[in-house]
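In: The sequence and its predicted three-dimensional model are supplied below.
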Amino acid sequence: MGIVPADNVWILVATAFVFLMTIPGLAAFYSGLSKGKSMLNTVVMVMVTFCTVSLLWIVYGYSLSFGSDIGGFIGSLEYIFLSGINPSDPAPSAENLYHYLFIFFQMTFAAITVALMAGAFVERIKFTAWILITILWATLVYFPVAHWIWGGGWLSNLGTLDFAGGLVVHETSGIAALVGAMVLGARRENIMKPANLPLVAIGAGLLWFGWFGFNGGSALGLNNVAVSAAFGTTIAALTGGLTWMFAEWILFKKPTTLGLLTGFIAGLATITPAAGFVDVFASVIIGFLGSVFCFIAVVYAKNKFKYDDSLDVFGVHGVGGILGTLLLAFLAKPSVGEVAGLLYGSSSQLLPQIIGILAVGIYTAVVTYVIFKVVNAFVGLRVSQEEEIQGVDEMIHGEKAYNEIL
């Protein structure tokens, strides 16, 4: 095929969009949801995670994820420190793109995945512990799972599909958030008390904007699949937001800003694995069902099972990613992504999707549990009671987000 300039322009723009999702998008979204005395710590957790994982990616993460397959489980170290790669080389996984650009694009996915799960642990985790968890989790969970599905590993060979990260990004971060939150224990002030809802709205808007690159860029070129994925992503998001808002309005008599924004993200997370395989009308269904199931997880399941996932990473990203991966097997339309789902006469995609969900979920849960236990044994996980009550911003960083604590 050769290098296609237009494709490279689009993927470079898409890479910038995904970067914007994390810095400042996710940082703004998560910090606005945090209490006023913990906002800066939340910002720093997200940004330091992005930086740390990006460095790991160029040292060995890309090689482990996209290097030559070893037993279906992991990539080789042929690209360690990006050795042997020239800026003019085409990417083995996308020959229309420069190799450096493909690496750059995939780097932003790795970085935001680890940053996403930080939302479950804010306001109570040691900063040192979080940095160690970031390094271990990216190495032992994200890089292998990315290889399984996108790098030619065993799930890819089985036929499991994940267009832009329902399994690789959202299920892994969501399951890790749930397991980590249970090991870490609940906050002493275990309530959602957003410090700045307008900041949350800005963050949600930046995340939605960035998702054009996240899903549209995953077509790896400027083509009809990119346009269809971006269009469907928008429709799923707005459907999810309206669904959540009306659900709150009907059940609790108040259509909240937070509910609308959370519904947007639920729709975005749920469409992600299916975006390049379904049409716009299926995107409405996916956005609606994603919002309903995530709403149940956040509003009811979380209270019933008493786990403290601070910013509902599992309830939105984990549940949405799993559901969207499953719905792909039902709603995939051959004229969009050359895959037929159950509604179009084929059940062949159902088993690979279920196996993918179970394998990624179980592996992530087990490895995350071990990582948290090991880090706890060496440096401890929790800040002190005094630090949590006073606020981690002032106690850890010596700063305050506001002159008066909210």
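Out: Great, that's in hand.

In: The stretch 151-300 of the chain: helices as residue ranges?
Out: 154-158, 172-184, 197-216, 224-252, 257-271, 280-296 (DSSP state H, counting those that start in this stretch).

In: Including mean pLDDT, could the ones you listed go into CSV?
Out: Output for the helices of the stretch 151-300 of the chain, formatted as CSV (pLDDT from 0 to 100):
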stretch, mean pLDDT
helix 154-158, 98
helix 172-184, 98
helix 197-216, 98
helix 224-252, 98
helix 257-271, 98
helix 280-296, 98
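
In: Those helices: which one's closest to M47?
Out: Closest to M47 of these is helix 197-216 (C-beta to C-beta; 13.2 Å). (Each C-beta comes from the backbone N, C-alpha and C, glycine too.)

In: got the buried residues for the closest one?
Out: 199-204, 206-208, 210-216 (16 or more other C-beta atoms under 10 Å).

In: Tell me how far that helix lies from the chain's centre.
Out: 13 Å (C-alpha atoms, centre = their mean, to the nearest Å).

In: hmm, who's touching stretch 34-49?
Out: 22-23, 26-27, 30-32, 111, 114-115, 118-119, 122-123, 127, 130-131, 134, 189, 193-196, 310-311, 390-394, 396-397, 399-402, 405-406 (C-beta atoms under 8 Å, 6 or more residues apart in numbering).

In: what does stretch 287-300 give?
Out: 235-241, 243-244, 247, 262-263, 266-267, 269-271, 312, 314-316, 319-320, 323-324, 327.

In: Just give me how far that stretch sits from the chain centre.
Out: Relative to its chain's centre, stretch 287-300 lies at 17 Å (C-alpha atoms, centre = their mean).

In: before we move on, back to that, of the contacts of stretch 34-49, buried ones?
Out: The neighbour-count test (16+ other C-beta under 10 Å) marks 22-23, 26-27, 30-32, 111, 114-115, 118-119, 122-123, 130-131, 134, 194-196, 310-311, 391-394, 396, 401 as buried among those.

In: circling back to that earlier point, right, and the helices of the stretch 151-300 of the chain - which one's nearest H147?
Out: helix 154-158 (8.6 Å).

In: Could you export the closest one as CSV, CA atoms only?
Out: What follows is helix 154-158, C-alpha atoms only, in CSV (Å, rounded to 0.1, in the frame of the first residue of the first chain):
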residue,chain,number,x,y,z
TRP,A,154,-4.3,-15.4,21.2
LEU,A,155,-7.6,-13.5,21.4
SER,A,156,-6.9,-11.8,18.0
ASN,A,157,-6.3,-15.3,16.5
LEU,A,158,-9.5,-16.5,18.2
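
In: Which strands or helices does that helix pack on?
Out: helix 143-150, helix 350-378 (3 or more C-beta pairs under 8 Å, 6 or more residues apart in numbering; DSSP states H and E).

In: Quick one: list the elements packing against the last one.
Out: Which is helix 350-378. Helix 350-378 packs on helix 127-137, helix 143-150, helix 154-158, helix 172-184, helix 319-331, going by 3+ C-beta pairs under 8 Å, 6+ apart.

In: Now do it, average pLDDT.
Out: Mean per-residue pLDDT for helix 350-378: 98.

In: coming back round to it: mind giving me TSV with the helices and strands packed on helix 350-378 and columns for distance to Q349?
Out: TSV is the format used below for these (distance: least, C-beta to C-beta, whole Å):
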stretch	distance to Q349
helix 127-137	29
helix 143-150	14
helix 154-158	11
helix 172-184	21
helix 319-331	4
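
In: So which of those is nearest S65?
Out: Of those, nearest to S65 by C-beta to C-beta is helix 143-150, at 4.2 Å.

In: ok now the closest one, how far from the chain's centre?
Out: For helix 143-150, the distance to the chain centre is 14 Å (C-alpha atoms, centre = their mean).

In: do stretch 34-44 as well
Out: 20 Å.

In: what do you get for stretch 164-171?
Out: That offset, for stretch 164-171, works out to 6 Å (C-alpha atoms, centre = their mean).

In: export that stretch as CSV, just CAs?
Out: The C-alpha trace of stretch 164-171 is given here as CSV (Å, rounded to 0.1, in the frame of the first residue of the first chain):
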residue,chain,number,x,y,z
ALA,A,164,-11.0,1.0,20.0
GLY,A,165,-10.7,-0.3,23.5
GLY,A,166,-13.8,-1.8,25.1
LEU,A,167,-11.7,-4.6,26.4
VAL,A,168,-8.1,-3.3,26.2
VAL,A,169,-9.0,0.1,27.7
HIS,A,170,-12.3,0.2,29.5
GLU,A,171,-12.7,-3.4,30.9
